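Visitor: Generate coordinates for the sequence data below:
(chains A and B)
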Number of protein chains: 2
Amino acid sequence: TAMALILLNHLGKDHKDYIKQQVHVKNPYLDTMEEDILYHFSLSTKTHNLPEMFGDIKFVCVGGSANRMKAFAHFIHQDLNIPGNPDDIRDICEGTDRYSMYKVGPVLSISHGMGVPSISIMLHELIKLLHHARCQDVVLFRLGTSGGVGLNPGTVVITDKAVDYSFCPQFEQVVLGKVITRSTELDEEVASELLQYASELQSFPTVIGKTMCTHDFYEGQGRLDGALCSFSHEEKLEYLRKAYEAGVRNIEMESTVFAAMCRVCGLKAAVVCVTLLNRFEGDQITSSHEVLVEYQQRPQILVAYFIKKRLGLIP
Amino acid sequence: TAMALILLNHLGKDHKDYIKQQVHVKNPYLDTMEEDILYHFSLSTKTHNLPEMFGDIKFVCVGGSANRMKAFAHFIHQDLNIPGNPDDIRDICEGTDRYSMYKVGPVLSISHGMGVPSISIMLHELIKLLHHARCQDVVLFRLGTSGGVGLNPGTVVITDKAVDYSFCPQFEQVVLGKVITRSTELDEEVASELLQYASELQSFPTVIGKTMCTHDFYEGQGRLDGALCSFSHEEKLEYLRKAYEAGVRNIEMESTVFAAMCRVCGLKAAVVCVTLLNRFEGDQITSSHEVLVEYQQRPQILVAYFIKKRLGLIP
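Guide: Residues are numbered from 1 along each chain as shown, chains lettered A, B, ... in the order given. So this is what the prediction gives:
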């Protein structure tokens, strides 16, 4: 009967593991490594007890700016009524200036810099961190800023599909000199749940739509105000009109690789960006600092509401 | 005769402008704009006197890490014997956390984050800044870290040509949904001058070679330690061997767009990176913090020597 109990326990454990959503690293070499140095986080499996530090993480929120992700950590600390002094929230990656990372209860807030390569380094190391820490049922959010396509500034866009410059829901990844293509579809349930919560909140205009991800801010997004510009105002508007007709509602610089990597690794993920301007109206971001700060809080408020719902803090 | 003098003065001015190396923005719209907001620098032509702030800049040094570029500003302050307290060197972009910028005499030190999109935003706004400030004869340097290909860690690589994942000296830029190709050749004179100075210094091993620029740190560079890895150790080594045979001596993530944009805008530019490891030997960066800090000073020492030579501070 002792053996039977052991077997039952093992079955129980396996069963539990099966129904819980694990993080799938897709690398057979990883578990054979004696040490894994997460270089750009300044963390390592040898020098840090990752399961103890991060095992209870259920929500990971990422965004470009380090200041913004620090502000989000303070906001969620207050919003979730986490005990302790918010001034004690320290940057877990203080050993490096590549990224900043803050932990507040079950929420991790991380900055990722600008552009696909920068967020991709962070995601590789984050996914390994979640794997090493044996986290389960994690939902990832990118909280970003973006240019709006036919939307008033301040509108929040929940991404349906992340698309590339030709409006296709795909991400091209070079692997050893060969280009492979990955799908960029995001979790439908999380997106529709977010849209539902936005209508409950009634605090700011929110839409669901495609998000175009480009590899630069100027020529790739059709801006007329870069150091280089080889097209006319009319050609710019034509490209934006085509994007709008294809369902694109905003433009940013990280969503395709974020969607692709989360999908491959079995992580539920959503992209929630506020628009800082309507690109049909102009290229420069001319709103005041105060207005821009308020806009940037909108994705935070929506995702915080989602987290509170999931934690049962809101009926 | 008054008219003749005016004409002569104008000719003189034009002649001087002609022989001086100007910064060429390639955008007909730029000079028609009433205000140009350099959003990611938190600077603007209306709120800042850019010619007064930056008109005397002759050398611009850029690198990924904000801390490293601050350290470089302090180092060059001491090395050029600039009067004043180095603790007074303040971040000119303190209104934003996207980039950091420090000015020390004729030297500007700026961080650019990681990856092509991040440095490309910085370069657009830097080139506009140099144009608005009417700077002349500017030389740009990227001081970076990299993975070495067949070189001992700590070796400094002066880039001959920046190449893409297929070892071609080109950069693919998307403009309004269409891919165009730009050349990534760097200034030969500056590179050979740097190599000459490295041999005068005799402080660390320095080579000249091709630098491969990838869009991520893991799969694109053939690392076996990312969250995703679909190739074998042998396939990795084969790719690195091919790169070595094509003349590649190091791998980083910004050189192609840096070379391409500087070339289009008539800016003399060089890429000087130290290698933190030999990629034939491994993937993880395992050297101690102290060793890595010393390695990262090597490109700074070489470029500082170049600047002192150009300023006539070294015979």
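Visitor: Which single helix of chain A contains the most residues?
Guide: Looking across chain A with DSSP state H, the single longest helix is helix A:289-310.
Visitor: got the residues of the stretch 1-150 of chain A near chain B?
Guide: With CB under 8 Å from any CB of the partner chain as the criterion, the stretch 1-150 of chain A comes near chain B at residues A:25-30, A:33, A:35-37, A:39-40, A:64-67, A:95, A:97-98, A:113-118, A:120-121, A:123-125, A:127-128, A:131. In short, each C-beta sits where N, CA and C put it, glycine included.
Visitor: Please, a ChimeraX command that selects the buried ones among those residues?
Guide: Only the buried members of the residues of the stretch 1-150 of chain A next to chain B enter the following ChimeraX selection, criterion being 16 or more other CB atoms under 10 Å in any protein chain shown:
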select /A:25,27,30,36,37,39,40,64,65,66,97,98,113,114,115,116,117,118,120,121,123,124,125,127,128,131
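Visitor: Sort out for me which of the residues of the stretch 1-150 of chain A next to chain B are in strands.
Guide: Mapping the residues of the stretch 1-150 of chain A next to chain B onto strands (DSSP state E) picks out A:Ile37.
Visitor: So which of the residues of the stretch 1-150 of chain A next to chain B are in helices?
Guide: For the residues of the stretch 1-150 of chain A next to chain B, membership in helices holds for A:66-67, A:116-118, A:120-121, A:123-125, A:127-128, A:131, with DSSP H as the criterion.
Visitor: Distance to A:Cys262 and pLDDT added to these, as TSV?
Guide: Listed next are those as TSV, based on distance: CB to CB, whole Å; pLDDT from 0 to 100:
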residue	distance to A:Cys262	pLDDT
A:Ala66	21	97
A:Asn67	24	96
A:Val116	14	98
A:Pro117	17	98
A:Ser118	16	98
A:Ser120	12	98
A:Ile121	15	98
A:Leu123	8	98
A:His124	12	98
A:Glu125	14	98
A:Ile127	8	98
A:Lys128	14	98
A:His131	13	97
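Visitor: Of those residues, which pair is most distant in space?
Guide: With distance counted by CB to CB, no two of these lie farther apart than A:Asn67 and A:His131, which are 28.7 Å apart.
Visitor: what about the helix or strand where A:Phe258 lies, near chain B?
Guide: For A:Phe258, the host element (DSSP states H and E) is helix A:255-264. Yes. Using CB under 8 Å from any CB, we find that helix A:255-264 touches chain B at A:261, A:264.
Visitor: Tell me the gap between that helix and the middle of its chain.
Guide: For helix A:255-264, the distance between its averaged C-alpha position and the chain's averaged C-alpha position is 9 Å (CA atoms, centre = their mean, to the nearest Å).
Visitor: Quick check: neighbours of the following helix or strand past that helix in the sheet, parallel or antiparallel?
Guide: Secondary structure here is assigned by DSSP H and E; on that basis, the next helix or strand after helix A:255-264 toward the C-terminus is strand A:268-278. Strand A:268-278 has the following strand partners under DSSP bridges: strand A:139-148 (parallel), strand A:156-163 (antiparallel).
Visitor: Only the buried residues of the last one, if you could.
Guide: Within strand A:156-163, the residues that qualify as buried are A:156-163, counting by 16+ other CB under 10 Å.
Visitor: How about stretch A:65-83?
Guide: So, applying 16+ other CB under 10 Å, buried residues of stretch A:65-83: A:65-66, A:68-73, A:75-77, A:79-80.
Visitor: Now do that stretch: everything it contacts.
Guide: Contacts with stretch A:65-83, where a contact means CB atoms under 8 Å, 6 or more residues apart in numbering or on different chains, come from A:61-63, A:84, A:86, A:89, A:91, A:99-100, A:102-105, A:107, A:109-111, A:143, A:296-297, A:300, A:304, A:307-308, A:311, A:313, B:97-98.
Visitor: Derive a ChimeraX selection command for the buried subset of those residues.
Guide: The ChimeraX selection below is limited to those of the contacts of stretch A:65-83 classed as buried (16+ other CB under 10 Å):
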select /A:61,62,63,89,91,99,100,102,103,104,105,107,109,110,111,143,296,297,300,304,307,308 /B:97,98
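Visitor: if I've got this straight, A:Met53 is in a strand?
Guide: No. Read with DSSP: H, G, I helix; E, B strand; the rest coil, A:Met53 is helix and lies in no strand.
Visitor: so what's it closest to, chain neighbours aside?
Guide: A:Ala133 (6.9 Å; CB to CB, 6 or more residues apart in numbering or on different chains).
Visitor: A:Val179 too?
Guide: Leaving out its chain neighbours, the residue that sits closest to A:Val179 by CB to CB, 6+ apart is A:Glu172, at 5.3 Å.
Visitor: before we move on, what about A:Thr96?
Guide: A:Ser42 (4.1 Å).
Visitor: Could you do A:Arg279 as well?
Guide: A:Gly147 (4.7 Å).
Visitor: again, but for A:Ser100
Guide: Sequence neighbours aside, A:Ala66 is the residue nearest to A:Ser100 in space, at 4.1 Å (criterion: CB to CB, 6+ apart).
Visitor: measure the one you found to A:Leu130 for me?
Guide: According to CB to CB, to the nearest Å, A:Ala66 and A:Leu130 sit 21 Å apart.
Visitor: repeat for A:Ser288
Guide: In this structure, A:Ser288 and A:Leu130 are 38 Å apart, going by CB to CB.
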